[in-house]
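Undergrad: with the sequence up front, the predicted model follows.
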Amino acid sequence: MNDGQSRSSPHDSPAHIATLSRTGPGEPGQGTAGTGTPAVREDAPLWRRRLRHDIRHELGTIIMLASAVAVADDVGDGSRARIEQLLGETRWLDHLLNQLDEDDDAPPMPCPERIRVDELAAEVVTGMRLATRHEVCLTGGETWAHMDAVALWRALRNVLDNACRVAEGRVNVEVASRQGWVSVQVDDDGPGFGAARGGLASLGLGIVHDLISGYGGSLEIRTGEMGGARVRMLLPAAPAPDDWRPHP
């Protein structure tokens with residue numbers, strides 16, 4: 001029992017208890033109140049490991065609660081679909097945490113693999129449909145690319161977030177193969193990139209550029225046929241696996 005105290009609002013530390021300083025090496029710390037004793041400092045790698053531990057713990061709690069609701073008898077089909085999508089989002093977050101858990105000497109970006117782009121795009125679009133009031137449409141058939149799945153998920157999520165933020169009512173996503181490249185194109189009916197506000201949009205597109213170019217791809221931004229922005233990600237195409245068979 002927490003006696004009405006919020007988990008996000010811890011008690012103030014009593015004066016006789018030492019607190020940890022967040023100042024860096026060589027900077028003056030707060031120390032123990034009223035004693036002048038130097039503060040105990042956590043080194044940055046240890047602090048990150050502990051933070052990742054706590055994030056992973058909370059993520060596991062969310063997965064457990066959502067899984068319990070998904071199989072409950074009093075949940076309708078619509079709500080169950082949203083819960084399943086929530087569980088899918090937590091799996092992507094778990095992938096991101098796994099990348100953070102890698103050694104500091106590991107490559108900054110995972111090695112590319114052959115991924116099914118249209119299926120990944122369908123998963124991202126399904127999630128956005130549940131999270132936005134706009135109509136989000138997806139067209140395109142089977143496409144494969146050399147890319148890291150988590151990197152492409154991050155890139156497409158950023159682009160779709162931007163598009164849904166500025167759209168008037170519709171966002172179109174097209175996945176297609178073009179002359180040795182896989183094109184993932186996002187159009188919106190908003191005011192256009194030049195007229196839209198910067199901030200999060202600019203930061204998101206910077207992330208997208210770094211993710212795509214890191215795997216030999218490119219990013220194009222222009223005005224689309226819907227009057228808003230058109231963001232096209234070009235990825236190195238890959239052949240389908242030898243043992244892959246299309247669905248009948």
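TA: Received it, and whenever you're ready, just let me know what you need. Residues are numbered from 1 along each chain as shown.
Undergrad: ok, the residue nearest to Trp144 when sequence neighbours are not counted - contacts?
TA: In space, and not counting its chain neighbours, Trp144 is closest to Ala238: 4.4 Å by C-beta to C-beta, 6 or more residues apart in numbering. To be clear about C-beta, it is placed using only N, CA and C from the backbone, and glycine gets the same treatment. Shown in contact with Ala238 (C-beta atoms under 8 Å, 6 or more residues apart in numbering): 114-115, 144-146.
Undergrad: for Pro112, the count of nearby residues, please.
TA: By other C-beta atoms under 10 Å, 18 other residues sit near Pro112.
Undergrad: now it: closest residue in space that isn't a chain neighbour?
TA: Excluding its sequence neighbours, the residue lying closest to Pro112 (C-beta to C-beta, 6+ apart) is His146, at 4.4 Å.
Undergrad: hey, what's the one you found bridged with?
TA: Per DSSP bridges, the residues bridged to His146 are Arg114.
Undergrad: pretty sure it contacts Cys111?
TA: No - here His146 does not reach Cys111: they are 9.6 Å apart, not a contact under C-beta atoms under 8 Å.
Undergrad: okay, the two: which has more neighbours?
TA: Applying other C-beta under 10 Å to His146 and Cys111 shows that His146 carries more neighbours, namely 18 against 8.
Undergrad: read off the pLDDT value for Ile63.
TA: Among the per-residue scores, Ile63 shows a pLDDT of 71.
Undergrad: helix/strand/coil for Cys137?
TA: Here Cys137 is strand, with the state taken from DSSP: H, G, I helix; E, B strand; the rest coil.
Undergrad: distance of it relative to Asp243?
TA: Distance, Cys137 to Asp243, using C-beta to C-beta, to the nearest Å: 32 Å.
Undergrad: give me the more crowded residue out of the two.
TA: Ranked by neighbour count (other C-beta under 10 Å), Cys137 and Asp243 place Cys137 first, with 13 against 5.
Undergrad: how about the nearest residue to that one, chain neighbours excluded?
TA: Nearest non-adjacent residue to Cys137 (C-beta to C-beta, 6+ apart): Asn172, at 5.1 Å.
Undergrad: now Ala151
TA: Leu211 (4.6 Å).
Undergrad: that neighbour and Val150 touch, don't they?
TA: No - contact between Leu211 and Val150 fails when scored by C-beta under 8 Å: they sit 9.2 Å apart.
Undergrad: now do the shared contacts for the two.
TA: Between them, Leu211 and Val150 share no contacting residue, judged by C-beta under 8 Å, 6+ apart.
Undergrad: okay, those two: which has more neighbours?
TA: More neighbours surround Leu211 than the other of Leu211 and Val150, with 23 against 18 (other C-beta under 10 Å).
Undergrad: so that one is in which element?
TA: Using DSSP states H and E, Leu211 falls within helix 200-213.
Undergrad: residues in contact with the helix or strand following that helix: which ones?
TA: The first helix or strand that comes after helix 200-213 along the chain, using DSSP H and E, is strand 218-223. Strand 218-223 has contacts (C-beta under 8 Å, 6+ apart) with 192-193, 205, 208-209, 212-213, 229-234.
Undergrad: ok and strand 218-223 relative to helix 200-213, angle-wise?
TA: 140 degrees (axes from the mean of the first three to the mean of the last three C-alpha atoms, to 10 degrees).
Undergrad: and strand 218-223, which strands flank it?
TA: Partners of strand 218-223 in the sheet, by DSSP bridges, are strand 229-236 (antiparallel).
Undergrad: contacting residues around the strand it pairs with?
TA: Outside strand 229-236, the residues within contact range by C-beta under 8 Å, 6+ apart are 112, 117, 145-147, 152, 155-156, 159, 162-163, 166, 178, 180-188, 190, 192-193, 196, 205, 208, 212, 215-224.
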